[in-house]
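K.L.:
sequence and predicted structure are below.
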Amino acid sequence: MEPSLGSFFLVFSMSQGTPLNEAQALDWLRQLEDPGQRYYAAWWLGRMRSHHPEAVPLLIQALAERGPRPDPASGIDEPNPIARNAARALGKLADSRATDPLLEALESSDDGLREAAARSLGQLGAIKARRPMLRRLAPGPLVAGAPRPGTSRLMEPCEALLEALGALGWQEEDGSTITDREPLLAVVRAYADHERPLIRSAACRSLLQLTQEDGWGEQLVHLLQHNELQVRRAALLDLGATGWRLAGAAIARTLAENSLKLIALRGLVENSPARNQASPSPSPEEVELLLAMDDLL
Amino acid sequence: MPSALPDSRQVQVLMDAVQAAQTADDLTDAVEDLSACPHPMAIPCLIQVLGFNNPGAAVAAVDGLVAIGSAAVPAILAHLDEYNYGARAWSVRALAGIGDLRGLPLLERALAQDIGPSVRRAAARGMGGLQPHGFTAQQRQELAERILPQLKAACGDEEWIVRYAVAVGLESMEHWWQPPAAQRQRLLDILEPLADPQREAVPVVWLRARLALNRLAAPSPVTRA
């Protein structure tokens, strides 16, 4: 799910009548006096998918910024907030110049920044990131996936790393396809038994994308019945990302917000390997998914 | 609609169970039971559930209100929660499901102005799914003239799910409007840009709009499951 942006998001939603424009967002990111403005501007440029030529260079600059957690009264509740928002925004702007700076951020001592970088590298399809991400996960669920003392987080941002590996697939930088798949699969599979259901969900998502084996989809469907709403939500979004169409009926039945079920069903229509990109009309299987969506409006 | 009203003692027991529910799952189960016995007595209780931030229970409460039908409309309109857009979305969804014309002004305002995409999407679907019982052809035409431009304007909504719901709403207008050929073309003309991958960025939206066009073009009216 999108990281929570707390009150900034709220402020933005409330003031939709008079949104910040692109020129102002760039000015806010360029200036150095007000970190709140820089934080908000970085978010805005990503959210609005800015195509301005200065957006990516400015965000890359902001990605290098380090600073303590600001005063909570500012509405920002995370350390290195500007760098983290810049990392998130760069994932949305589809510009490969961001790859190397994000790879650097993936080595940061701030695990929240590593998390944002991993997600964005996955979104950018940055094949170069596969090896360093795999290296972070390789110590396994009991080490990389161990709780970080005094926090609710893990030693590594496992969820983001697992999801990114699934998104990257098997292609190599030279255009060839990886044939020796077992080493990577073995690392990811270990997380399918993690004690936290959210990590299991991310691992199953990744494995379903990497192997197309129905068993991982079935495990995700099983998580749709978890007793915590947060887990059901994550499994919905994970199934949507994989496009595993056999989950359609189970998604429609899940006890969760219709908005999330609609996003998941959209994912089944759009992300399935069965989607015929050339056809302007839905296939019979897609019609069934669309009608399930209609009922959730 | 239920064949006979359940008796009021039975409904009271079911409402007590809703009030007594201790966990989210218990609440969902209790509301499902209550909604399976749709009785006007349950209306305030079901409306209250819409504000609980419990999606499972809210789905069941909407089902109950829709089953109760027109009798629930005045209370839903009177208890709209201005500060909770989750609750508002469920209310709009219930009104949309009932299809009562008294809800139309609210649906119109929601589609044009509400900040919650889930509210706008429910409104778009509801405006297409009205049930103007007893209307003459002339009255149905006037109603269509009122609704069409609003759905057309909502084709430009920034949220994909609202545009998706507009496609669904436009398709379902046909059921009550039963437009003559020339009027029918207006419906197709509004759907066309939504169905065009060059003009609509989100595949699931243009696929749904294409489905609507295909079904509207079919020689015999297609009945929805």
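P.N.:
Arrived safely. Residues are numbered from 1 along each chain as shown, chains lettered A, B, ... in the order given.

K.L.:
and for residue B:197, the neighbour number?
P.N.:
Residues lying near residue B:197 (other CB atoms under 10 Å in any protein chain shown) number 14. Yep, even glycine has a C-beta here, placed from its N, CA and C like the rest.

K.L.:
show me what contacts it?
P.N.:
Neighbouring residues of residue B:197 by CB atoms under 8 Å, 6 or more residues apart in numbering or on different chains: A:280, B:203, B:206.

K.L.:
closest to residue A:153 among these?
P.N.:
Residue A:153 lies nearest to residue B:203 out of the contacts of residue B:197, by CB to CB, at 35.3 Å.

K.L.:
ok, the closest one touching residue A:270?
P.N.:
Yes: here residue B:203 lies in contact with residue A:270, judged by CB atoms under 8 Å, at a distance of 5.0 Å.

K.L.:
now the residue in chain B that chain A sits nearest to: which helix or strand?
P.N.:
Proximity of chain B to chain A (CB to the nearest CB) peaks at residue B:56, 3.6 Å away. Per DSSP states H and E: residue B:56 is located in helix B:55-68.

K.L.:
residue B:64 - how many residues pack around it?
P.N.:
26.

K.L.:
brain fart, residue A:51
P.N.:
By other CB under 10 Å, 12 other residues sit near residue A:51.

K.L.:
what about residue A:293, distance to chain B?
P.N.:
Distance from residue A:293 to chain B, counting by CB to the nearest CB, to the nearest Å: 7 Å.

K.L.:
ok, for that residue, nearest residue in space, not its chain neighbours?
P.N.:
Distances taken as CB to CB, 6 or more residues apart in numbering or on different chains place residue A:265 nearest to residue A:293, at 4.9 Å, with adjacent residues excluded.

K.L.:
what segments of the stretch 101-250 of chain A are helices?
P.N.:
A:111-124, A:130-137, A:158-168, A:182-190, A:197-211, A:214-223, A:229-242, A:248-253 (DSSP state H, counting those that start in this stretch).

K.L.:
wait, which of these is closest to chain B?
P.N.:
That would be helix A:229-242 among those, by CB to the nearest CB, at 7.4 Å.

K.L.:
I figured residue A:52 hits residue A:22, correct?
P.N.:
Yes: with contact defined as CB under 8 Å, residue A:52 and residue A:22 form a contacting pair (5.8 Å).

K.L.:
please enumerate the shared neighbours of these two.
P.N.:
residue A:45.

K.L.:
helices or strands up against the helix or strand that residue B:11 is a member of?
P.N.:
Following DSSP H and E, the helix or strand that holds residue B:11 is helix B:8-20. Helix B:8-20 is packed against helix B:24-35, helix B:43-49, with contacts defined by 3 or more CB pairs under 8 Å, 6 or more residues apart in numbering or on different chains; DSSP states H and E.

K.L.:
for it, the distance to its chain's centre please.
P.N.:
27 Å (CA atoms, centre = their mean, to the nearest Å).

K.L.:
residue A:102 and residue A:209, how far apart?
P.N.:
Separation of residue A:102 from residue A:209 (CB to CB, to the nearest Å) stands at 21 Å.

K.L.:
who's more crowded, those two?
P.N.:
More crowded of residue A:102 and residue A:209, by other CB under 10 Å: residue A:102, with 27 against 23.

K.L.:
who's in contact with that one?
P.N.:
Contact analysis of residue A:102 by CB under 8 Å, 6+ apart lists A:63, A:87, A:90, A:91, A:117, A:120, A:121, A:124, A:126, A:129.

K.L.:
ok, now with 10 Å
P.N.:
A:60, A:63, A:86-87, A:90-91, A:113, A:116-121, A:123-124, A:126, A:128-129 (CB atoms under 10 Å, 6 or more residues apart in numbering or on different chains).

K.L.:
and residue B:209, by the same measure?
P.N.:
Residues in contact with residue B:209 (CB under 10 Å, 6+ apart) are B:155, B:163-164, B:166-168, B:170-171, B:190-196, B:200.

K.L.:
just the pLDDT for the closest residue to residue A:238 other than its chain neighbours.
P.N.:
In this structure, residue A:238 finds its nearest non-sequential neighbour in residue A:205, 3.7 Å apart by CB to CB, 6+ apart. At residue A:205, the model reports a pLDDT of 97.

K.L.:
can you pull out the helices in chain B?
P.N.:
Secondary structure of chain B by DSSP state H: the helices cover B:8-20, B:24-35, B:43-49, B:55-68, B:73-78, B:85-98, B:104-113, B:117-128, B:137-154, B:160-177, B:181-194, B:203-217.

K.L.:
how about the CA coordinates for the shortest one, as CSV?
P.N.:
Extracted in CSV, the C-alpha atoms of helix B:73-78 (Å, rounded to 0.1, in the frame of the first residue of the first chain):
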residue,chain,number,x,y,z
VAL,B,73,-34.9,6.8,2.0
PRO,B,74,-36.1,9.7,4.2
ALA,B,75,-34.0,8.4,7.1
ILE,B,76,-30.9,7.9,5.0
LEU,B,77,-31.2,11.4,3.7
ALA,B,78,-31.8,12.8,7.2
